[in-house]
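Engineer: Prediction below, plus the sequence it came from.
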Amino acid sequence: MGRYFGTDGFRGEANVNLTYEHAIKIGRFLGWYYGERMNKKASVVIGKDTRRSSYMFEYALCTGLMASGADAYIMHVTTTPSVAYITRVDDFDCGIMISASHNPYYDNGIKLLNGKGEKIDEETISEVEDYIDGKLEVPLATRNVGRTVDYVAGRNRYIGYLISLSKFGFKNVKVGLDAANGAAWSIAKGVFDALGAKTYVINNAPDGYNINTDCGSTHIEHLQKFVVDNGLDVGFAYDGDADRCLCVDEKGNVVTGDHILYIYGLYMKERGKLLNNKVVTTVMSNFGLYQALDKVGIGYEKTKVGDKYVYENMAANGHRIGGEQSGHIIFSKYATTGDGILTSLKLMEVMLAKEKPMSELAAPVVFYPQVLKNVRVKSKPETLGDPDVQAAVNRVAEALGDNGRILVRESGTEPVIRVMVEAGSDEVCTKYVDSVIAIIRGKGYVEE
């Protein structure tokens, strides 16, 4: 990871450690990098989620881009995967999404995409960071400054693309959607309505402050209750920028990203569409997923946590489906990023093609108990490098043996260490997670 950019862009509290000056500089660099440096008029497409600060960052990025001679095409409130799609199909030099994904409203982030709709390479990110730190000079455009262009048509084209991918009509299917008061609120319902579903939506009234607040995929308990109370067939919950999706079956049970990888991976295998007979997962996937995949003869890869690493593995090896337990699911035939709305459409396809309820499709994946706790720390590298912390982790690993595992890692987007244990019971998991956190706290690393 870089000095400012993590696994999912430059993220931080708005105007605290991610400021409008940062955004101007990012725009300045990108406008020059894709324009003057490559001897062309650069064009960059920008989307944002519903946070109040997203408007500030949008204008700051546009200012920087125009000052360097680039044209900025504004999609307004839209999803991360829609920006990736439009960047690719409309031949933009790069795409920018303003979002902190599932984080609270006071955080924000800037995600950079290359002309193929993929996350920008580390070398270019390093140059952006050098410019932010004053190590590079970027000239101002003079007689050829850029302009902004309203590009809401791009969002509409993406909506049409999603609708075109569905192989079934959803007539008489009762579907619940939790838009997380985020970017999905202006897209998801229209897609399901166009396909004929009886669509019921919650948390679709963003006010700039309520994105992800007690709603969406990080608070899926509300959708669980909503599905059961209203007798719905299925429900889907998105996060702030709608690049992830979790599902709720007709009984109110959560269908995680691991379940989704199994359900759609098996569906692809049965139709001869699972190239290489492999699903790409991260190290956070549950043992239960691997057991279920083993039973149906599907292989798997394991990457570091982050949809960036999942996509890199898929692109390098030609795999067709991959993702994370959190609901970032990538269908490489259709998208270059996780796409929550696309994921929900694909799950609908399996449910309708097999004429089975979601609960039955997900049943073969039986999870090991898993406890994950986040610890906000002063320094992630110092915490993970401490010999006493490492010794505590090793003691837990030895105690679990073949009956579980421990995973301690740093967040790519927050000043947080994540401690996760899988074992035979919640009590055992909690005991071992707490034992490691106690050492971290005792060494003075925790930011109280």
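Structural biologist: Everything's here; your move. Numbering: from 1, shown residues only.

Engineer: Now the phi/psi pair for the residue located most distally from the centre of the chain, please.
Structural biologist: Most distant residue from the mean C-alpha position of the chain: Arg143, 39.7 Å away (CA atoms, centre = their mean). In terms of degrees, to the nearest 10, the main-chain angles of Arg143 are phi -90, psi 0.

Engineer: all helices of the stretch 51-200 of the chain, in order?
Structural biologist: For the stretch 51-200 of the chain, the helices defined by DSSP state H, counting those that start in this stretch cover 52-67, 80-89, 122-132, 152-165, 188-194.

Engineer: Which other helices and strands does the second one contact?
Structural biologist: The criterion is 3 or more CB pairs under 8 Å, 6 or more residues apart in numbering; DSSP states H and E, and the helices and strands that helix 80-89 contacts are strand 43-48, strand 71-77, strand 94-98, strand 107-113, helix 152-165, helix 340-354. In this view, the C-beta of every residue, glycine as well, is placed from N, C-alpha and C.

Engineer: cool, and the third one?
Structural biologist: In terms of contacts (3+ CB pairs under 8 Å, 6+ apart), helix 122-132 is packed against strand 5-6, helix 20-34, strand 107-113.

Engineer: ok, Val436 to Val428 distance?
Structural biologist: From Val436 across to Val428, the span is 13 Å (CB to CB, to the nearest Å).

Engineer: Which one of these two is surrounded by more residues?
Structural biologist: Between Val436 and Val428, counted using other CB atoms under 10 Å, the more crowded position is Val436 (22 against 18).

Engineer: Does His259 touch Pro364 like I think?
Structural biologist: No. Look at His259 against Pro364 with CB atoms under 8 Å: they stay out of range, at 9.0 Å.

Engineer: The two: who's more crowded?
Structural biologist: Legend: neighbour count by other CB under 10 Å for His259 and Pro364, higher for His259 (27 against 17).

Engineer: Just the element for the more buried one, please.
Structural biologist: helix 257-270 (DSSP states H and E).

Engineer: Give me the buried stretch members for that helix, please.
Structural biologist: Of the residues in helix 257-270, those buried by neighbour count under the rule 16 or more other CB atoms under 10 Å are 257-269.

Engineer: How about stretch 313-320?
Structural biologist: Asn313, Met314, His319, Arg320.

Engineer: residues contacting the last one?
Structural biologist: Contact partners of Arg320, counting by CB atoms under 8 Å, 6 or more residues apart in numbering, are Met268, Lys273, Leu274, Leu275, Asn276, Met314, Phe331, Ser332, Lys333.

Engineer: what do you get for the second one?
Structural biologist: Remark: with contacts taken as CB under 8 Å, 6+ apart, Met314 is in contact with Val280, Arg320, Ile321, Gly322, Ile330, Ser332.

Engineer: any idea how far Glu123 is from the second one?
Structural biologist: In this case it means Arg320. 28 Å.

Engineer: Same question for the fourth one.
Structural biologist: Here the criterion is CB to CB. By it, Gly322 lies 24 Å from Glu123.

Engineer: Compare these two (neighbour count), which wins?
Structural biologist: Under the criterion of other CB under 10 Å, the comparison of Gly322 against Glu123 puts Gly322 first, with 30 against 7.

Engineer: Can you give me the pLDDT of Pro369?
Structural biologist: Pro369 is assigned 92 on the pLDDT scale.

Engineer: Am I right that it is in contact with Ala423?
Structural biologist: Yes. Judged on CB under 8 Å, Pro369 makes contact with Ala423 at a distance of 6.3 Å.

Engineer: Any idea how many residues pack against Lys304?
Structural biologist: Neighbour number of Lys304 under other CB under 10 Å is 15.

Engineer: Tell me who's in contact with it.
Structural biologist: Thr282, Val283 are the contacts of Lys304 under CB under 8 Å, 6+ apart.

Engineer: Before I go, just wanted to say thanks for your time.
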